[in-house]
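Asks: Structure here, sequence nowhere to be found:
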């Protein structure tokens, strides 16, 4: 029987070089039993989607502190659709204004975690929202 654990790609897109939060989230998800791939800094939407498809992940978590969230999230969603990988879910975190959070959710982002969100909350979210097909 194939491994049925949830696979998560955590990515840090754009020019922002602050990845401590992304690494903490990736570790918390891994410690909770998920398969986690962390792509590192300075990823383009194309690189993120290519990795997500290649690694056969269930969900992508984007950490964006640069203010480019209204460009990067929609582009990742568009590229997933283009690659026929719409089944891959997207969530994220960062410094994102409430109006933009609402807009991103309307576009298809499952959840946005703002500064101060606990790793327990993020782990619980993934457990509740992503069910691996057996």
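Replies: Okay, I see it. From a predicted model like this one, the values you see are computed outputs, not experimental measurements.

Asks: Got the confidence number for the most centrally placed residue in the chain?
Replies: A centroid search over the chain (CA atoms, centre = their mean) returns residue 61, at 1.1 Å, as the residue closest to the centre. Reported pLDDT at residue 61 in the predicted model: 97.

Asks: again, but for residue 44
Replies: 96.

Asks: Now it. Nearest residue, chain neighbours left out?
Replies: residue 13 (6.8 Å; CB to CB, 6 or more residues apart in numbering). To be clear about C-beta, it is placed using only N, CA and C from the backbone, and glycine gets the same treatment.

Asks: what's across from that neighbour in the sheet?
Replies: Residue 13 has the following beta-bridge partners by DSSP bridges: residue 43.

Asks: Just the mean pLDDT for the host helix or strand of residue 125, thanks.
Replies: According to DSSP states H and E, residue 125 maps onto helix 119-129. On average, the pLDDT along helix 119-129 is 94.

Asks: contacting residues around residue 46?
Replies: Taking CB atoms under 8 Å, 6 or more residues apart in numbering, we find residue 46 in contact with residue 79.
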